[in-house]
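S.K.: Next one to model:
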Amino acid sequence: MRGRVSGSHVSSPVVPASYPALNSPLRYGTSTGMDLGVGPPLVVPGAGSPLVGGTASQGFPPSTGLGAPAPSFFGSSPAGPDAMGRKALTPTASDDMDPDFEEMVSDLRRSFVGWLKKTEMEVKQQRTDLRRSRQVFEEEKLSVWQQFMTEKQREVDKIRDDRRRGEEETAAQLRQVQADVDEARRRINEERSRVDKDGSQRRRTVAQEYEKFRQEYGLFEAERQRLAAPQLAAETMIDLNVGGQVFETARATLVQQKDSYLGTLLSGRYQLSRDRSGRIFINRDPEYFRLILNFLRNPQTPPMPRDSAESEALVREAGYYGINFFPFPLVFACGGHDGYEHLRAMEVLDVGNQCWRPCKPMNTERTYFGGATIRSRLHLFGGQNLDYKALCELEIYDCLRDTWEAGASLTCPRRNCASCEHEGRIYAIGGFDGTKILNSMEAYDSRMKGWMLLEPLPTPRSSAMSCVIGGKLFVLGGTSGTRLRTVDIFDPVANRWDIGKAEMLDVRSAGMACNCVNHLFALGGTDNDQRIHYSVECMDTEGTHFSARNTMQESRMDFAVTVISDSIMVGGGQNGGVLSSTEFYRPELDEWQVGPSMMFPRYGHQYLLVTL
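M.R.: Below you'll find the predicted structure:
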């Protein structure tokens, strides 16, 4: 529908009143060219620049969400007098069928669809690129992982090969060591067999020489008795002047003990001292001689001293005269443990009848204590009792008076200590005080009646063995946390310790040592594997090595030992049970024989020998 306007106005198409003029700035705003990607740029009112390809820079706001802003199609409401006049002149008919509008909408649709497809293609391209990058990354990761696993397997194989070679080398070394050990053991066994053979031959030779010596000694004694002064031998009554007091007695009374000083005096082999009246003169105490003479007249009744001082003096006088109040040495078994309780009980060996007899018990029950004999007195010290505490008390048994009395206490409590006697002194060596193993040593002086500390041990020892040989104290074995085979030697004169040249063949703790026929013997005990020994070993006179001797008939630890003449006596102890048996060893014959069993089984006890 078209019309004309008079005047200077140019005719134009009639536009409905509801739409602004197509070319009017009031419809879309400022006229701007826009490239829709489908031909020459389309001028869109209100757009800042031509719309090209639907990119994000072509005037679309970011709220479209399609990867680039969508175009804005309508501007603000038209304003101005021209627009108002034009609107008054424009008819109000609908422009739904306006071809220009339809064309514009189609162009916009095509532009938007083109922009959407292009954006989709770009997104697909980016997705393809991402997938390709991911694939490349996955391939590279797989390659790196495979390389890592290859290196790892190579290292594992190398470690496995190194371990295998190490195990093979270790096995070869162990085989070599075992071969060396077997060879060394074979050589040692051969050497031991040779030594045992030589030892047996030497023992037989010594036994023959000993028997020959005894025969010669018997012939010598017979000749000596034949050469005795006939006039003195013919006298039946003897007058003696002892310290200014005259004693008259039968000759038979004085010569009862032939090896005594009195028996030797009347043998006629020595020049005698006589007084002015021609009587035999002896410059000794007449009171003690009277007691000794009364005993010789009645040998079944030993003298009974009135007190401790008289007892000690009487024993000293009897020693001077060479008189023994008992025909055999007395062996006392003291204290210990019977498997149920600590013992006070004592018993004494009756050598003549080969049995044990009870005697007066101790004042204090003791186990693992030290003990030694000075003259006729037993000295027992330390140990443990019912409370399992280390003791420091000393008690003394007077064999003549059959009484116990208290003595000076140790300077510190100790149990499982080694002990021995030398030249009137008793030594307490090492031990355990209830908290630690001791290296201290102290000595009891019978004249001073007290203990004094001496130079400490080089090595702390408990359950060690000790004996005196050649004027020196030998301390062997024991434990200092681990059981030992070493030897320490103490010089009492210099108050100095030295390390022994020789070590024992076996590790020994809770064993015993003794000096017999001027040789040191180590017997029994236990080692680091808790094995209880039967074995016996002897140190040579030079102190350079130990040699094995014939074994005991029973294994023993915590037992007791003493030396009777030229024999070693062992008894008691434990080896799984508590023992009461005894054994005797003859070194010259290297033989053991069974002795009489004690009245009570004991371990941790002492054998003390008294020659009285």
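S.K.: neighbours of the residue lying closest to residue 549 once chain neighbours are set aside, just the number please.
M.R.: Spatial nearest neighbour of residue 549, excluding adjacent residues (Cβ to Cβ, 6 or more residues apart in numbering): residue 536 at 4.3 Å. (Each C-beta comes from the backbone N, C-alpha and C, glycine too.) Residue 536 has 23 neighbours, counted by other Cβ atoms under 10 Å.
S.K.: Tell me how far residue 536 lies from residue 271.
M.R.: 48 Å (Cβ to Cβ, to the nearest Å).
S.K.: Tell me which stretches of the chain form helices.
M.R.: Secondary structure of the chain (DSSP state H): helices at 25-28, 81-89, 99-226, 230-234, 251-254, 261-265, 286-297, 308-321.
S.K.: okay, now the domains of this structure?
M.R.: As assigned by automatic domain parsing, the chain contains the domains 230-321, 330-610.
S.K.: how close does residue 395 sit to residue 422?
M.R.: Going from residue 395 to residue 422 by Cβ to Cβ gives 21 Å.
S.K.: Under the pLDDT cut-off, which ranges of this structure? List them.
M.R.: Applying pLDDT under 70 to the chain picks out residues 1-97, 222-234, 268-269.
S.K.: quick one: residue 502 from residue 539, how far?
M.R.: 6 Å.
S.K.: Between those two, which has more neighbouring residues?
M.R.: Per other Cβ under 10 Å, whichever of residue 502 and residue 539 has more neighbours is residue 539, with 23 against 17.
S.K.: for the nearest residue to residue 315 once chain neighbours are set aside, what are its contacts?
M.R.: Excluding the flanking residues, the one nearest residue 315 by Cβ to Cβ, 6+ apart is residue 376, at 4.4 Å. By Cβ atoms under 8 Å, 6 or more residues apart in numbering, the contact set of residue 376 is 311-312, 315, 398-400, 610, 612.
S.K.: What residues does residue 571 make contact with?
M.R.: 333, 559-560, 579-583, 595, 598, 607.
S.K.: distance of residue 323 from residue 496?
M.R.: On the measure of Cβ to Cβ, residue 323 and residue 496 end up 39 Å apart.
S.K.: out of the two, which sits in the more crowded spot?
M.R.: Neighbours per residue, other Cβ under 10 Å: of residue 323 and residue 496, the larger number sits with residue 323, 20 against 11.
S.K.: ok, the more buried one - contacts?
M.R.: Neighbouring residues of residue 323 by Cβ under 8 Å, 6+ apart: 257, 260-262, 292, 295-296.
S.K.: now swap in residue 425 and tell me
M.R.: Counting by Cβ under 8 Å, 6+ apart, residue 425 has contacts 443-446, 492.
S.K.: residues near residue 256, how many?
M.R.: 14.
S.K.: so how many other residues sit close to the closest residue to it other than its chain neighbours?
M.R.: Of all residues not flanking residue 256 in the chain, residue 296 sits nearest, at 5.7 Å (Cβ to Cβ, 6+ apart). Residue 296 has 19 neighbouring residues, counting by other Cβ under 10 Å.
S.K.: Also residue 289?
M.R.: 21.
S.K.: cool, the one 3 residues further on as well?
M.R.: By the other Cβ under 10 Å criterion, the neighbourhood of residue 292 contains 21 residues.
S.K.: Residue 137 too?
M.R.: 10.
S.K.: Against residue 148, how distant is it?
M.R.: Counting by Cβ to Cβ, the gap from residue 137 to residue 148 is 16 Å.
S.K.: Then residue 290?
M.R.: In terms of Cβ to Cβ, residue 290 sits 111 Å off from residue 148.
S.K.: higher neighbour count, these two?
M.R.: Neighbour totals were compared for residue 290 and residue 148, and residue 290 leads with 14 against 10 (other Cβ under 10 Å).
S.K.: Now for the residue nearest to that one when sequence neighbours are not counted: which residues touch it?
M.R.: Closest residue to residue 290 apart from its sequence neighbours, by Cβ to Cβ, 6+ apart: residue 247 at 7.5 Å. Counting by Cβ under 8 Å, 6+ apart, residue 247 makes contact with 239-241, 286, 289-290, 293.
S.K.: and the spatially closest residue to residue 239 that is not a sequence neighbour, how many neighbours does it have?
M.R.: Distances taken as Cβ to Cβ, 6+ apart place residue 279 nearest to residue 239, at 4.3 Å, with adjacent residues excluded. If you count neighbours by other Cβ under 10 Å, residue 279 ends up with 18.
S.K.: residues in contact with residue 279?
M.R.: Residue 279 sits in contact with 239-241, 246, where contact means Cβ under 8 Å, 6+ apart.
S.K.: Repeat that for residue 357.
M.R.: Residue 357 touches 347-348, 350, counting by Cβ under 8 Å, 6+ apart.
S.K.: want to throw those into TSV with neighbour count and distance to residue 154?
M.R.: Shown next, in TSV, are the contacts of residue 357 (neighbours: other Cβ atoms under 10 Å; distance: Cβ to Cβ, whole Å):
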residue	neighbour count	distance to residue 154
347	19	81
348	18	84
350	15	87
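S.K.: and which of these is nearest residue 438?
M.R.: For the contacts of residue 357, the minimum distance to residue 438 (Cβ to Cβ) is 30.5 Å, reached by residue 347.
S.K.: my read: the closest one touches residue 356, true?
M.R.: Yes - Residue 347 is in contact with residue 356 according to Cβ atoms under 8 Å; the separation is 4.5 Å.
S.K.: Spit out the residues that contact those two alike.
M.R.: Counting by Cβ under 8 Å, 6+ apart, the common neighbours of residue 347 and residue 356 are 333, 598-599.
S.K.: now these: which count as buried?
M.R.: By neighbour count, with 16 or more other Cβ atoms under 10 Å, these hold 333, 598 as buried.
S.K.: ok, of the shared contacts of residue 347 and residue 356, which one's closest to residue 519?
M.R.: Out of the shared contacts of residue 347 and residue 356, the member with the shortest distance to residue 519 (by Cβ to Cβ) is residue 333, at 24.6 Å.
S.K.: so what's the closest one up against?
M.R.: Contacts of residue 333 by Cβ under 8 Å, 6+ apart are 346-349, 356, 560, 571-572, 598, 600, 602, 605-607.
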